[in-house]
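Colleague: Got a sequence here, can you build the structure:
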Amino acid sequence: MANPPEAGASPQVSRKSYAGNEEVERGISVLCRIRPLNAKEIREKSEIAVNVAEDGVGVDLIGSEKMHFDFDAVVGSDCSQEDVYNRCAKSVVEDYLEGFNGTVFAYGQTGSGKTYTMEGLIDDPEKRGLLPRMVCSIFDFMENAGEHMQFMIQVQFLEIYNEKIRDLLSPDKDNLKVREDRTGGIYVEGATSHYITTELEVQQLLELGASSRATAETFMNQASSRSHSIFIITLEQTNTRDGSRKRSKLFMVDLAGSEMVRKTGAEGATLKEAQHINKSLSALSNVIFALSEGKASHIPYRDSKLTRILQEAIGGNCRTALIINCSPARMNEPETISTMRFGKSAKRIKNKAHINKEQSPAELKMLLAEMQKKNRELLSIIAAKDFEINTLKVVGGGG
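Modeller: Just a heads-up that it's a prediction; the model follows:
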């Protein structure tokens, strides 16, 4: 039996350094998570159509379709929440604490376990999801940092519902606009930012936002998320010794489930929600496909609010991990194939991330001194070449 991939390992990494700042080119890391059969699938006696390969990176479809997919990691129904965190999110958080932007998002059909993966049971140490574990790692890092480090954290919690952006921490703020600042950064105008100092405050804001999120009962899921949610943690780190500053953003995205209307039984307002969900997920798929091909002259980020907000996360300045959540049941085989194809395309995308660092005056003086030294060396070389040319002219003229 082959050894599974190392936890947190990230493939296809290349590094470049510019003026003391490192740029990392890295593919989007994709983890495929197969959940257990749910009550509906057991009741309908659905057969298992998915088999996790022994190598820990492959998965086989063994139902009516015979297909094989490889990802950075594949985990089955017996995988713990902690193991999922270690395999896909831990490395993103570690880079985020170094000053890189980071994104973790979950994708899959309705009822595939996305919200359980992202949030889990927050009060249960074993079953809490990626989001509370990432928050815990951030506060552990700050507590263990030296006294010369100062931190400031602010959070936002947004929902995209029927193609409108709503602030889950101030639900009266809806239909917010996506803007771009002078440096090319994407932000949501008017969204509330809460400054926090403890892990408990983050948990309370998560619970507040989750209570405002749009859900509805469908045939596939008793509490189906009818919106995409985006939880953003902005961390500013200041080194009081040299005055340098880093500012990084971490996006945690729980996408609404892709769904077939005939299976979910959506009608009326829920049908309208399903149409908006499928439209925005289709826009996301189009962006993923265009980027994975590597030849497109235009990437359609502006086709939906979702792709506009996630512009940096997919193909930009960000370290990104994607969890694709799948049902093992044969009755959901078409949706599982679609989800895996989405993950396969995402795996081909390369992001170019760099540390978001503001140089201190001392570091700027050092860089200036280095540039001045290089200029002097170049001037010296030019003077030597001019002397050689003039010498040759004199010798040639004298001959």
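Colleague: Near the closest residue to residue 116 other than its chain neighbours, how many other residues are there?
Modeller: Once flanking residues are discounted, residue 116 sits nearest to residue 129: 6.5 Å by CB to CB, 6 or more residues apart in numbering. All C-beta spots, glycine's among them, are computed from the backbone N, C-alpha and C. Per other CB atoms under 10 Å, the neighbour tally for residue 129 reads 25.
Colleague: quick one, phi/psi of residue 129?
Modeller: Reported as degrees, to the nearest 10, the phi and psi values for residue 129 are phi -90, psi -170.
Colleague: any idea how far it is from residue 325?
Modeller: 12 Å (CB to CB, to the nearest Å).
Colleague: ranges for the strands of the stretch 251-399 of the chain?
Modeller: Secondary structure of the stretch 251-399 of the chain (DSSP state E, counting those that start in this stretch): strands located at 319-326, 350-354, 357-358.
Colleague: Pick the most deeply packed of those.
Modeller: strand 319-326 (a mean of 27; mean count of other CB atoms under 10 Å).
Colleague: show me what contacts the residue nearest to residue 116?
Modeller: 81, 115, 116, 117, 118, 119, 120, 121, 122 (CB atoms under 8 Å, 6 or more residues apart in numbering).
Colleague: one step back: any shared contact partners between residue 129 and residue 325?
Modeller: Both residue 129 and residue 325 are in contact with residue 117, where contact means CB under 8 Å, 6+ apart.
Colleague: quick one on the thing from earlier: same list (the strands of the stretch 251-399 of the chain) but as a markdown table, adding distance to residue 209 and mean pLDDT.
Modeller: Formatted as a markdown table, the strands of the stretch 251-399 of the chain follow (distance: least, CB to CB, whole Å; pLDDT from 0 to 100):
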| stretch | distance to residue 209 | mean pLDDT |
| --- | --- | --- |
| strand 319-326 | 20 | 94 |
| strand 350-354 | 27 | 85 |
| strand 357-358 | 30 | 77 |
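Colleague: Just put these in CSV and tack on distance to residue 334.
Modeller: Putting the strands of the stretch 251-399 of the chain into CSV (distance: least, CB to CB, whole Å) gives the following:
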stretch, distance to residue 334
strand 319-326, 12
strand 350-354, 29
strand 357-358, 46
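Colleague: so which of these comes closest to residue 395?
Modeller: Closest to residue 395 of the strands of the stretch 251-399 of the chain, according to CB to CB: strand 350-354, at 51.3 Å.
Colleague: Name the strands paired with that closest one and say parallel or antiparallel.
Modeller: If you go by DSSP bridges, strand 350-354 pairs up with strand 21-27 (antiparallel).
Colleague: pretty sure residue 50 contacts residue 34?
Modeller: Yes: in this structure, residue 50 is within contact of residue 34 by CB atoms under 8 Å, at 5.5 Å.
Colleague: Identify the contacts common to the two.
Modeller: 59, 326, 328.
Colleague: Can you show me the strands along the stretch 1-150 of the chain?
Modeller: With DSSP E, counting those that start in this stretch, the ranges of strands along the stretch 1-150 of the chain come out as 13-18, 21-27, 29-34, 50-52, 58-62, 66-70, 73-75, 102-108, 149-161.
Colleague: Dump those strands to a markdown table, plus distance to residue 300 and mean pLDDT.
Modeller: Formatted as a markdown table, these follow (distance: least, CB to CB, whole Å; pLDDT from 0 to 100):
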| stretch | distance to residue 300 | mean pLDDT |
| --- | --- | --- |
| strand 13-18 | 27 | 46 |
| strand 21-27 | 21 | 73 |
| strand 29-34 | 21 | 96 |
| strand 50-52 | 31 | 94 |
| strand 58-62 | 29 | 94 |
| strand 66-70 | 25 | 94 |
| strand 73-75 | 29 | 96 |
| strand 102-108 | 18 | 92 |
| strand 149-161 | 16 | 94 |
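Colleague: Tell me which of those strands sits nearest to residue 378.
Modeller: Among these, the nearest to residue 378 by CB to CB is strand 13-18 (18.9 Å).
Colleague: closest to residue 347 among the shared contacts of residue 50 and residue 34?
Modeller: Closest approach between those and residue 347, by CB to CB: residue 59, at 12.9 Å.
Colleague: rewinding a little: can the strands of the stretch 1-150 of the chain go into JSON lines with extra columns for mean neighbour count and distance to residue 296?
Modeller: Converted to JSON lines, the strands of the stretch 1-150 of the chain look like this (neighbours: other CB atoms under 10 Å; distance: least, CB to CB, whole Å):
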{"stretch": "strand 13-18", "mean neighbour count": "10", "distance to residue 296": "22"}
{"stretch": "strand 21-27", "mean neighbour count": "16", "distance to residue 296": "17"}
{"stretch": "strand 29-34", "mean neighbour count": "26", "distance to residue 296": "20"}
{"stretch": "strand 50-52", "mean neighbour count": "20", "distance to residue 296": "32"}
{"stretch": "strand 58-62", "mean neighbour count": "18", "distance to residue 296": "28"}
{"stretch": "strand 66-70", "mean neighbour count": "14", "distance to residue 296": "23"}
{"stretch": "strand 73-75", "mean neighbour count": "26", "distance to residue 296": "28"}
{"stretch": "strand 102-108", "mean neighbour count": "26", "distance to residue 296": "21"}
{"stretch": "strand 149-161", "mean neighbour count": "20", "distance to residue 296": "24"}
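Colleague: between these, which one is nearest to residue 319?
Modeller: strand 102-108 (4.7 Å).
Colleague: neighbouring contacts of the closest one?
Modeller: 88-89, 92-93, 95-96, 114-115, 117-118, 130, 134, 248-255, 257-258, 310, 312-313, 318-326, 335, 339, 342-343.
Colleague: One more: stretch 241-252?
Modeller: In contact with stretch 241-252 (CB under 8 Å, 6+ apart) are residues 92-93, 96-105, 118, 130-131, 134, 138, 148, 230-239, 310, 313, 318, 355-363.
Colleague: Stretch 308-317 too?
Modeller: Residues from elsewhere that reach stretch 308-317 (CB under 8 Å, 6+ apart): 28, 101, 103, 105, 158, 160, 165, 178, 185-186, 188, 230, 251, 253, 284, 287-288, 291, 299, 301-302, 307, 318, 320, 346, 349-354, 356.
Colleague: Please consider this matter closed, and thank you.
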